[in-house]
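>>> Got a sequence here, can you model it:
(2 chains)
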Amino acid sequence: DGGITQSPKYLFRKEGQNVTLSCEQNLNHDAMYWYRQDPGQGLRLIYYSQIVNDFQKGDIAEGYSVSREKKESFPLTVTSAQKNPTAFYLCASSHVGTDGYTFGSGTRLTVV
Amino acid sequence: AQSVTQPDIHITVSEGASLELRCNYSYGATPYLFWYVQSPGQGLQLLLKYFSGDTLVQGIKGFEAEFKRSQSSFNLRKPSVHWSDAAEYFCAVGSPSGGYQKVTFGTGTKLQVIP
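Residues are numbered from 1 along each chain as shown, chains lettered A, B, ... in the order given. Take a look at the predicted model:
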């Protein structure tokens, strides 16, 4: 079955370390997105990409970086510059048009 | 800029009772509207969407939503709630961005279902 796979499900990071969250999709979607979810704040857009080798900053891109070397993959790196990285991170993808997004099951990142 | 307001943070309903979750949006043109549902620790699942046409849209799991342009609202309804409907519900508004949708989400409404 087609879908989006995020790994790992849980991730622990020491302060000052960079960490990379994986997102892979086999839906043949062109566009991919990264959202951050905090209690009571809904989902906030970090980065998005509509084609390979191109991506744009979302509303809260500071302290994060992405790459889009393959259509299927859109990894997110949380850098040490991100002041409050503990959160639930969601990856999504979509076709051109109006079908809405398909979401992965998320990665919970905790800084220890 | 587009925005979404979900005025109810928590709602509690009895199993079998009807449900209405409120959503108000702000967008200059005809909006693309969505409702998603999220179970604890999981991703979001699309319940239904509105782009044009009939203002009453049917979705999965027995949910429906009505677009009211005059009230800038897109409320989600279900005639009879089941215990398995307990989850968090997100309303979202989308705007065209190079053929895709740039989607803004509301802050969510957490639904509790009591026996």
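>>> partners of B:Tyr36 in the sheet?
B:Leu46, B:Phe90 (DSSP bridges).
>>> Go ahead and confirm it touches B:Glu88.
No. Using C-beta atoms under 8 Å, B:Tyr36 is not in contact with B:Glu88, being 9.1 Å away. For every residue, glycine as well, the C-beta is placed using N, CA and C.
>>> Report the central residue of chain A.
A:Trp34 (3.1 Å; C-alpha atoms, centre = their mean).
>>> tell me which residues form a beta bridge with that one?
Listed by DSSP bridges, the beta-bridge partners for A:Trp34 are A:Tyr47, A:Cys91.
>>> Now for it: which residues touch it?
Listed by C-beta atoms under 8 Å, 6 or more residues apart in numbering or on different chains, the contact partners of A:Trp34 are A:23, A:45-48, A:58, A:64, A:66, A:74, A:76, A:89-92.
>>> Count residues in the vicinity of residue 62, would you?
You didn't say which chain, so I picked chain A. Other residues near A:Glu62 number 10, with proximity taken as other C-beta atoms under 10 Å in any protein chain shown.
>>> my bad, chain B
14.
>>> how close does the residue nearest to A:Val19 when sequence neighbours are not counted get to A:Thr5?
Closest residue in space to A:Val19, ignoring its immediate chain neighbours: A:Arg13 at 4.6 Å, by C-beta to C-beta, 6 or more residues apart in numbering or on different chains. For A:Arg13, the distance to A:Thr5 (C-beta to C-beta, to the nearest Å) stands at 20 Å.
>>> Let's see the pLDDT reported for the residue of chain A found nearest chain B.
Distance from chain B to each residue of chain A (C-beta to the nearest C-beta) is smallest for A:Phe103, at 3.5 Å. Looking at A:Phe103, its pLDDT stands at 95.
>>> quick one, phi psi at it?
phi -110, psi 150 (degrees, to the nearest 10).
>>> OK, contacts around it?
A:4, A:90-92, B:36, B:43-45.
>>> Put together JSON lines for those, with distance to B:Val103 and neighbour count on each row.
JSON lines is the format used below for the contacts of A:Phe103 (distance: C-beta to C-beta, whole Å; neighbours: other C-beta atoms under 10 Å in any protein chain shown):
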{"residue": "A:Ile4", "distance to B:Val103": "15", "neighbour count": "23"}
{"residue": "A:Leu90", "distance to B:Val103": "12", "neighbour count": "26"}
{"residue": "A:Cys91", "distance to B:Val103": "14", "neighbour count": "28"}
{"residue": "A:Ala92", "distance to B:Val103": "9", "neighbour count": "26"}
{"residue": "B:Tyr36", "distance to B:Val103": "10", "neighbour count": "25"}
{"residue": "B:Gly43", "distance to B:Val103": "14", "neighbour count": "22"}
{"residue": "B:Leu44", "distance to B:Val103": "11", "neighbour count": "30"}
{"residue": "B:Gln45", "distance to B:Val103": "14", "neighbour count": "16"}
